[in-house]
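Q: sequence unknown, structure follows:
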């Protein structure tokens, strides 16, 4: 299981291998990728688990969090835009898909 966490500087570590697609949750557009392996993600709410088939979302402030597929399907529509997901990975911001 992959573990995604924020280091002591507040940067995400472990999510660099994901390529996020773009999906719309009205009225904002977020980044999302369907998980093909389980992940643990350290969030402001504590450590959350994303399972195979869930979605890894990148929020408007660069926060990463999992979402169950049934909730995702009811909440988001795919959009044809380049990914704008930017989250902290260390010394710089990471923009998956570029």
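A: All right, it came through fine. These figures come from a predicted structure and were not determined experimentally.

Q: C-alpha from now on. contacts and neighbour counts both.
A: Noted.

Q: What lies in contact with stretch 32-42?
A: Contact with stretch 32-42 is made by 1-6, 18-23, 47-58, 64-66, as judged by CA atoms under 8 Å, 6 or more residues apart in numbering.

Q: buried sites along it?
A: 32, 33, 34, 35, 39, 40, 41, 42 (16 or more other CA atoms under 10 Å).

Q: Give me the distance between the two termini of stretch 15-22.
A: 16 Å (CA to CA, to the nearest Å).

Q: Actually, stretch 19-35.
A: 10 Å.

Q: Same check on stretch 38-54?
A: 9 Å.

Q: swap in stretch 7-23?
A: Note: stretch 7-23 ends 27 Å apart using CA to CA.

Q: And that stretch, how far out from the chain middle?
A: 7 Å (CA atoms, centre = their mean, to the nearest Å).

Q: List the buried residues in that stretch.
A: Buried, per 16+ other CA under 10 Å, within stretch 7-23: 11, 12, 13, 15, 19, 20, 21, 22, 23.

Q: want to throw the residues you listed into CSV with pLDDT?
A: As requested, the buried residues of stretch 7-23 are exported to CSV (pLDDT from 0 to 100):
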residue, pLDDT
11, 90
12, 91
13, 93
15, 90
19, 91
20, 90
21, 92
22, 89
23, 85
